[in-house]
Every structure is written in structure tokens, then in C-alpha cells.
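Colleague: predicted coordinates and the sequence they were generated for:
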Amino acid sequence: MLRTTRTVRSLGALVGALAAAGALAAALARADAGATAAARARGRAAHSLSASDEAHLRYVSASGATLYETGRVAGTLPGSMRVHMRIAADFSGTFTIYAAGGSISGHGSATPHGAGVYESFSGSLTISGGKGRYRYAHGTARLYGTFNRMSYALVIQTRGTLRY
Amino acid sequence: MGAAAQQSSAKRAVWTRASARRLVALLLCATAPPACQPAATAAATRQAPGVAPVAGAARLQRARATLQTTRRTLPVRLSARFDPMALGRRTTLEFGFSFHTLHGQVPEPLTGIELRYPSNLGLGLSGLGLATCEAAAIEAAGPGGCSPNAVMGFGEVLTGVVLGTQIVNEIAPITIMRAPDRDGRLAVLFYAEGTTPVDARIIFPGLLLPSRGPFGGVVNIGVPLVETLPGAPYVSVIELHSTIGPKKVVYYEQVDGRTLAYRPLGILLPRRCPRGGFRFAARFVFSNETSASAETAVPCAASRVR
């Protein structure tokens, strides 16, 4: 009986200990999760870069209204760039910049102006992600450029803020 | 398009005395057949300036009544094709529309067209419209007054006007030209030049605007009201066919001090066929504020990239 009582008591203690341990573990897990989230948040906001770049892109291929172009980027984030751009009543497209330590991806749109061989355009772009050190990249920028309607060459200037 | 703008555009119709005489002669023939003898016609032609409005006034009321019967939704057929039709290749777009009216009637005068074209149609990569042409330059000297590098296509329009009991038709060639941007948008000008029986030069503007899917854009065209005679109905558009592309278009460029002629590349078709083919849609607005709509699709058939 005593043993039984002891057993019950010990079971109760064990359950209590386990519950306490579970609560602690849960608390630790929450704390860890919170710390991770905070770390991520800190990580995402760790860098803020006022960027100004210029890309010179050459025609690679086209299908319908969509151009695929590649070229070099010079400025705050030097590297190379790939663009899929739709040339219609408005210009729109997606891009990837390959810079040191990672890549930055996003999309943008612009309104063309003027006429002739060179058509200028202006609009905005949104950075939606990336890889490597830019995996949490986000931000917005203004974009300006010219489009050569004979050679399809694109010159794109961007000015904005990159956070990563 | 506002009434004031239409009136302004209507004034762009350039009349000659000869065309007015031809029209008056036709009017008299249509409304008073017994008087339509060579001698009578010649006499009427001589008296044209004084006679036409008086002789035509009462009869033109009947002509108006004939027009009013088209208030119901007008059947319209929209057509489109690519020449050549080959996915991934350069092409010329051929498009047109025709209104179907009862015998002895013409549609209400057209005041606006919205033509929607498929998405991923490489119009911006066509190399067409490298130069621009001002409306004033065309007005003064026709398409010859502008750079040939502004030409984007050719076509013709069939018009009609009810005079008495007769419909007087006219076929006028059309030239489509790139114009300077308007409101920050790509603009084009449609120039129609009629000679017989009405000698009129009409310019109507078009504006390229974005459109929701499945369309890639819309060309908004304002059609001016074209006067015939005082008190007479405006000219009605019955049918129009046109091209946008390199077909029959020649551009020029300077290379090492020499002028070289070349054909623009043309509209680039995508490599893949859009679901349901290349869809076009059009909405037509008439002077009595009614409208008509039509759709069509260009099938891809068995064409593939080579």
C-alpha cells in the first residue's frame, strides 16, 4: 500500500516533472522561435542600400512581344543581368541581377514615350527576392531607359533602395 | 470622342467643286429619276451652288428616316488573319470589319472603334513606325508629306450615304501612319482619301492603350463625322479592310551616305499558340450612341517554328 502510495506519488511527481519539462521545452521552443524570428527580422533589415545602376542589354531572342536580353550592370551592384521584357502598349517584365555573393530578382513596368528608332520609357520596379546574401532582398526603385527599335538593345537605369 | 472634336474632325473633309457637282448630280438622279437625263444632269450641275440645298432638303429628310431604322444592334463581322501565318515568324496583320444592313440602308455614321488585339503579339518589335507624321502634314500633302518610315499599313474603306432612295458608295484607300505620342501613348493616324463621287480627305486618330487579358492592347480610334451636303446625312462606313505590317511597305535608311530601301521586319508572332488562337475583338460606336461588337480568332493551324 505504501509502495503503491509511493508509486502514485512518484508517478505524480514524474508527471509533474514531465509537465514542467514540457512547459519549459515549449517555452524554450517559443523563445527560440522568437529569437529566430527576431534574428530573421534583424537579418532582413540588416542592410539597406541606396542603389543606382545602369544596365546595357543585348538582344538574345524574342517570341511575340516578349524579348529575352542579357548584359552587364554597372553601379552600386555591378554584375550581369537577365531580362524578360514584354514590349506592348506598356513595357513590363521580370529581371535577375547576378551580383557578388548572390542574385536579386524582381519585376517592373514602364510606359514608353516618344517615337523613332529610340523609344524612351519610365516606370518602377519591385525587388521580390534573391539568392545567396540577397535571399531576403526586397525594395522598390524607379527605372528609366531607352529601347532601340532596330537592334532591340535596352539601356535601363534604376534608382532606389535595396534591403537585404 | 466629343461632339466638338467630331465637328472639328469633320471639317477636315476637303471638298472640291467637282465633287460637290458629282454628288448633286447623284442626288438628283436618286430622288428624281425622270430628271436624270444627260441634259438635265448637266443643267443641275451648272446650277449646283443654288439648287442643291433646296432640291435636296425635303428628300434628305427621307434619307435620315432611312438611317434611323438602324437603331437596333447592328450585325457586324470582324475578320483577321496573318500573312504569312507561321508561329515564331514575322508577319502582316490583315483585319477588317463589315456591317450588315437591310437592303437600301446604311449603318449610322461611325464615331469610334475600339479594336483589341491578342496579347504577346510583337507589334512593338515590328520595326514599323520609325518616323512620325503630324496630322497637319498629311492634311497639307497627303501621306507624301510625311516620311515613308511612318507608314504602318494600307487598306481601303467602303462608305455610303443615302441620298433619296439611292445609296451612293465610295471606296477610299487608307494609309495608317505613326503619329507623335498623345497623352503619353503611342498614336497612329488613319488617312482616307476619297475621290469619286466625294473628293474628301479624312484623318482619324488612333491611340494604343493597354488592355486586360486575353488581349494585349486596344487601339482606340475616333472616327470623324464626314459631311456631304448641307442638311444631308453624314457619310456611313460600311466596310473596312486594312493591314498593319511590312506588306507593300518600304522604308529607307542612310548607310554610308547612301539611301537604302528595305522592308520593315513585321509583327513577330509568338512561338506558342495562345489557347483558342489569336483573339481579336472590336466595339463600334455610332453617332446615335448605339454600339455593336464582334470577335474573331485567328487559328494557329498546323504552323510551327522552323
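Modeller: Ah, there it is. Numbering: from 1, shown residues only, chains lettered A, B, ... in the order given.

Colleague: what about the helices in chain A?
Modeller: Assigned by DSSP state H, chain A shows helices spanning A:2-44.

Colleague: return the distance of the residue lying closest to residue A:78 once chain neighbours are set aside relative to chain B.
Modeller: On the basis of Cβ to Cβ, 6 or more residues apart in numbering or on different chains, the spatially nearest residue to residue A:78 that is not a chain neighbour turns out to be residue A:99, at 6.8 Å. In short, each C-beta sits where N, CA and C put it, glycine included. Between residue A:99 and chain B the computed distance is 29 Å (Cβ to the nearest Cβ, to the nearest Å).

Colleague: repeat that for residue A:117.
Modeller: From residue A:117 across to chain B, the span is 6 Å (Cβ to the nearest Cβ).

Colleague: quick one: contacts for that residue?
Modeller: Under the criterion of Cβ atoms under 8 Å, 6 or more residues apart in numbering or on different chains, the neighbours of residue A:117 are A:148, A:149, A:150, B:130.

Colleague: swap in 6 Å and give it another go.
Modeller: Shown here is residue A:117, whose contacts under the criterion Cβ atoms under 6 Å, 6 or more residues apart in numbering or on different chains are A:149, A:150, B:130.

Colleague: sort out which of the residues you listed are buried, if you could.
Modeller: Of the members of the contacts of residue A:117, the ones counted as buried by neighbours, 16 or more other Cβ atoms under 10 Å in any protein chain shown, are A:149, B:130.

Colleague: now the contacts of residue A:117 as JSON lines including distance to residue B:153 and pLDDT?
Modeller: Putting the contacts of residue A:117 into JSON lines (distance: Cβ to Cβ, whole Å; pLDDT from 0 to 100) gives the following:
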{"residue": "A:149", "distance to residue B:153": "17", "pLDDT": "92"}
{"residue": "A:150", "distance to residue B:153": "19", "pLDDT": "91"}
{"residue": "B:130", "distance to residue B:153": "14", "pLDDT": "93"}
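
Colleague: from the contacts of residue A:117, pick the one nearest residue B:123.
Modeller: Sorting the contacts of residue A:117 by distance to residue B:123 puts residue A:149 at the head of the list, at 11.3 Å, by Cβ to Cβ.

Colleague: hang on, isn't residue B:217 packed against residue A:91?
Modeller: No: proximity of residue B:217 to residue A:91 does not meet the contact threshold set by Cβ atoms under 6 Å, at 11.9 Å.

Colleague: between those two, which is the more surrounded one?
Modeller: residue A:91 (24 against 21; other Cβ atoms under 10 Å in any protein chain shown).

Colleague: surely the more buried one and residue A:110 touch.
Modeller: Yes: the criterion here is Cβ under 6 Å, and residue A:91 meets it with residue A:110 at 4.5 Å.

Colleague: overlap in contacts of the two?
Modeller: With contacts taken as Cβ under 6 Å, 6+ apart, residue A:91 and residue A:110 have residue A:121 as neighbours in common.

Colleague: list the contacts for residue A:56?
Modeller: Counting by Cβ under 6 Å, 6+ apart, residue A:56 makes contact with A:71, A:72, A:155.

Colleague: those residues, buried ones only, as a PyMOL selection?
Modeller: Typed into PyMOL, the line below selects the buried ones among the contacts of residue A:56, using 16+ other Cβ under 10 Å:
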select buried, chain A and resi 71+155
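
Colleague: of all the contacts of residue A:56, which comes closest to residue B:262?
Modeller: Checking the contacts of residue A:56 against residue B:262 by Cβ to Cβ gives residue A:155 as the nearest, at 24.6 Å.

Colleague: from residue A:145, how far off is the closest one?
Modeller: Plainly put, residue A:155 is 5 Å away from residue A:145 if you go by Cβ to Cβ, to the nearest Å.

Colleague: how about low-confidence regions in the chain?
Modeller: Went with chain A since none was named. Counting by pLDDT under 70, chain A contains low-confidence ranges at A:1-45.

Colleague: looking at chain B here, not the other one
Modeller: Judged by pLDDT under 70, chain B has its weakly predicted residues at B:1-72, B:302-306.

Colleague: for it, longest strand please?
Modeller: Longest strand in chain B by number of residues (criterion: DSSP state E): strand B:166-182.

Colleague: contacts for stretch B:155-163, please.
Modeller: Residues outside stretch B:155-163 that contact it (Cβ under 6 Å, 6+ apart): B:27, B:30, B:63, B:66, B:106, B:167-174, B:192, B:228, B:233, B:235-242.

Colleague: for residue B:103, see how far away the residue at minimal distance from the centre of chain A is.
Modeller: When chain A is reduced to its mean C-alpha position, the closest residue under Cα atoms, centre = their mean turns out to be residue A:129, at 1.3 Å. When Cβ to Cβ is applied, the distance between residue A:129 and residue B:103 equals 65 Å.

Colleague: now do residue A:130
Modeller: Distance of residue A:130 to residue B:103, computed by Cβ to Cβ: 68 Å.

Colleague: these two - which one has more neighbours?
Modeller: Between residue A:130 and residue B:103, residue A:130 has the larger neighbour count (other Cβ under 10 Å), namely 23 against 5.

Colleague: which residues does the more buried one contact?
Modeller: With contacts defined as Cβ under 6 Å, 6+ apart, the neighbours of residue A:130 are A:102, A:103, A:104, A:105, A:137.

Colleague: change it to 8 Å
Modeller: If you count contacts by Cβ under 8 Å, 6+ apart, residue A:130 has them with A:102, A:103, A:104, A:105, A:136, A:137, A:164.

Colleague: next, count neighbours for the last one.
Modeller: Other residues lying near residue A:164 total 23 when counted by other Cβ under 10 Å.

Colleague: check contacts around it.
Modeller: Contacts were defined as Cβ under 8 Å, 6+ apart; by that measure residue A:164 touches A:44, A:46, A:47, A:49, A:104, A:130, A:133, A:134, A:135, A:136, A:137, A:138.

Colleague: so what's the fourth one closest to, chain neighbours aside?
Modeller: Yep, that's residue A:49 we're talking about. residue A:162 (4.5 Å).

Colleague: roughly how far apart are the residue in chain A that chain B sits nearest to and residue B:190?
Modeller: Of chain A, the residue with the smallest distance to chain B, taken as Cβ to the nearest Cβ, is residue A:64 at 3.1 Å. Counting by Cβ to Cβ, the gap from residue A:64 to residue B:190 is 25 Å.

Colleague: equivalent analysis for residue B:184, please.
Modeller: Summarising the geometry, the distance separating residue B:184 from residue B:190, computed by Cβ to Cβ, is 21 Å.

Colleague: higher neighbour count, these two?
Modeller: The neighbour count for residue B:184 versus residue B:190, taken as other Cβ under 10 Å, is higher for residue B:190 (26 against 11).

Colleague: now residue B:98: how far from residue B:284?
Modeller: Distance of residue B:98 to residue B:284, computed by Cβ to Cβ: 11 Å.

Colleague: mind checking which of those two has more residues around it?
Modeller: Comparing residue B:98 with residue B:284 by neighbour count (other Cβ under 10 Å), the higher total belongs to residue B:284, at 25 against 18.

Colleague: wait, that one touches residue B:109, no?
Modeller: No: checked against Cβ atoms under 8 Å, the pair residue B:284 and residue B:109 is beyond contact range at 10.9 Å.
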